[in-house]
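Sequence and predicted structure, then a few things I'm wondering about:
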Amino acid sequence: MHSRLLFHRYACLTAAVTFGLLIAGALVTSTGSGLAVPDWPLSYGTWFPPMVGGILYEHGHRMIAAFVGLLIIGLAVWCARVEPRRWVKRLSAAALAAVIVQGLLGGLTVLLMLPPQISIAHACLGQTLFCLVLSIALCTSPGWQARRAWPLEPITASLRGVAGGAVLLAAAQLALGAVIRHTGYAVMWHLAGAIALLLVSGWFAFAARSSAEPLVRRGTGRLVLLVGLQIALGLTVFTHRGSVMLRTGHVVLGALVLAQAVALAWEILPRRRSSLRAADLLELTKARLSALVLLTTAAGFWIGLRPGDSAVRLLPVLLGTALVVGGANALNQWLEWSLDGRMERTKHRPIPAGRMAPDTARRFGLVCAISGLLALAVAVNGVSALLAACGLISYVYFYTPMKRQTPLCTLVGAIPGALPPLIGWAGARGTLGQEAWALFAILFVWQLPHFLALALLHRADYARAGFRMLPLTESGGLTTARQMLLYGLALLPASLCPTVLGLAGPAYFVGALLLGVGFAAIAARTAWRRTPAAARQLFLASVLYLPVLLALMALDRRPLS
């Protein structure tokens, strides 16, 4: 117990030093010292250059960052040894990963001469890192853990959505602030967001006035005060743009607003048996399926990247897509949780297993999906956001209900599944061409034998849930067999189109030809036998086929102007 108390104090120290790092970073941008040291990781070829002028701010920032990195390494190691809660260990692992990526982004901002996209990502990840460390400090406090033993009163519990909204708005405000500092754009959006945050925090404080939780009442009051001060300081900065201290103070106060919102969200988390686990939230996003989606998105981005263009937009493209896809999967599980409870392979998901309330999954899905669409619209471009919105709507509002009505659901479901490479392509180019639609065609056709094989494997499960997949609507399986063979054969010419259109070279053509012939042969074998073992082989072949094909295309791509 004593070691865990010491760990909590160490986490508090780490959070405090990380906050100091945010102050140092704000001073660097406020003083225009980002390129005062032109090299990295050394400073003018040495570890300790003369601390004069802008070097004082930039190299001082690096020294504090190195100290924070060491503290977070110690935090992750210590947490793994003394903390029994797995989700806290995941938080510390996330903080460790974030500080490593943050260091790399910091180096890239210098080496690439302050590109806005990387500078914005660096600023946003710094705030995220602070929130992660702060969260560890909060949830390891003895008082916070003791309060977990008592249920929240209904009035306070009803404010969870408002608390989450305050966190998202505060984070969005900091992201928009980073955009303004590094590009000069989005000022009106930032002002509108400030007003929205003030309204939400004011409503939060008003609704919490009768709460029996003193920490919640006082916390909402502090949040309103901090937001009001932040708006006043922001207006002052707008009229005194040359003031270093005012600009730095505005960034620092914004971090305090976010910290207060995060603290309130942790305080209003569900308690007792209904407490959320990070693993359950991750399961809502169908992480393995989402990883495959991100792979196709990254492939579309890389293949569509013009010669000489920077790849810095890949990070916001992947982040936005991951949020939209994760949100869509969560909404899908919210809509189908009663049906999931009937199937062996899905009855242990968070909602049917009783580990999560359906409304919690709905809110989580909406927050993820909307955040992802906003990230794509603001940090990438409108075309990628529109494509992601089409995928979200077609998956949640068309494919999901159609599964209980018609076997045509498979064709409809293949549409959102084939959109990710288009999102990646649009993220790289801002437009779509026939080459991008060739990628869409490959993904669309590939999914059909993939889904039909899965439906054959889990035929009894789908029947219990009442899903009208094609194998369940016929007795002999002849139509299913014909379609598996047809789509397996159609995938071969579809996969050769990139070479015909000049998107890939001869090496890809040969590889795609061999892969296509092999996949068609397995599809023909499955169509002939129509057994679970044959369906499993086709399913596994489809899982292997796609990443290998995309890897060949990425390696032998022919960049288009």
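Done, it's in.

For P41, give me its contacts.
62, 107 (Cβ atoms under 8 Å, 6 or more residues apart in numbering). Heads up, the C-betas are built off the backbone N, CA and C, glycines and all.

Next, it: secondary structure please.
Under DSSP: H, G, I helix; E, B strand; the rest coil, the three-state class of P41 is coil.

Which phi and psi values does it adopt?
Backbone geometry at P41, expressed as degrees, to the nearest 10, gives phi -80, psi -10.

residues of the strand or helix carrying V251 that come out buried?
Following DSSP states H and E, one finds V251 within helix 244-267. Neighbour counts over helix 244-267 (16 or more other Cβ atoms under 10 Å) mark 246-267 as buried.

Same check on stretch 282-289?
Neighbour-count burial for stretch 282-289 flags 283-286 (criterion: 16+ other Cβ under 10 Å).

about what we covered before: now the helix holding V251: mean pLDDT?
Averaging pLDDT along helix 244-267 yields 92.

Dump that helix to CSV, restricted to CA.
Taking C-alpha atoms only, helix 244-267 is exported to CSV below (Å, rounded to 0.1, in the frame of the first residue of the first chain):
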residue,chain,number,x,y,z
VAL,A,244,4.7,37.1,-25.3
MET,A,245,3.3,36.6,-21.8
LEU,A,246,-0.3,37.0,-22.9
ARG,A,247,0.0,34.5,-25.7
THR,A,248,1.8,32.1,-23.4
GLY,A,249,-0.7,32.6,-20.6
HIS,A,250,-3.6,31.9,-23.1
VAL,A,251,-2.1,28.5,-24.0
VAL,A,252,-1.4,27.6,-20.4
LEU,A,253,-4.8,28.6,-19.2
GLY,A,254,-6.3,26.5,-22.0
ALA,A,255,-4.4,23.5,-20.6
LEU,A,256,-5.9,24.2,-17.2
VAL,A,257,-9.4,24.3,-18.7
LEU,A,258,-8.8,20.9,-20.3
ALA,A,259,-7.3,19.5,-17.1
GLN,A,260,-10.3,20.6,-15.0
ALA,A,261,-12.7,19.1,-17.6
VAL,A,262,-10.8,15.8,-17.5
ALA,A,263,-10.8,15.8,-13.7
LEU,A,264,-14.6,16.2,-13.7
ALA,A,265,-15.1,13.5,-16.2
TRP,A,266,-13.0,11.1,-14.1
GLU,A,267,-15.0,12.0,-11.0
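
Using PDB, write down the CA coordinates of the following helix or strand past that helix.
Helices and strands here follow DSSP H and E; after helix 244-267, the next one along the chain is helix 278-284. Extracted in PDB, the C-alpha atoms of helix 278-284 (Å, rounded to 0.1, in the frame of the first residue of the first chain):
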ATOM      1  CA  ALA A 278     -10.700   0.600 -21.300                       C
ATOM      2  CA  ALA A 279     -10.700  -2.900 -22.800                       C
ATOM      3  CA  ASP A 280     -14.500  -2.800 -23.200                       C
ATOM      4  CA  LEU A 281     -14.300   0.600 -25.000                       C
ATOM      5  CA  LEU A 282     -11.600  -0.900 -27.200                       C
ATOM      6  CA  GLU A 283     -13.800  -3.900 -27.900                       C
ATOM      7  CA  LEU A 284     -16.600  -1.600 -29.000                       C
END
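
Where does pLDDT dip in the stretch 251-400 of the chain?
Residues of the stretch 251-400 of the chain meeting the criterion pLDDT under 70: 270-278.

Quickly find the element holding T480.
Taking DSSP H and E as the definition, one finds T480 inside helix 478-500.

Go ahead and name everything in contact with that helix.
For helix 478-500, contacts defined as Cβ under 8 Å, 6+ apart pick out 303, 435, 438-439, 441-442, 445-446, 448-449, 452-453, 455-456, 470-471, 474, 504-506, 508-509, 512-513, 515-517, 519-520, 522-524, 526-528, 530, 538, 549, 553.

Restricted to helices, list those residues.
303, 435, 438-439, 441-442, 445-446, 448-449, 452-453, 455-456, 506, 508-509, 512-513, 515-517, 519-520, 522-524, 526-528, 538, 549, 553 (DSSP state H).
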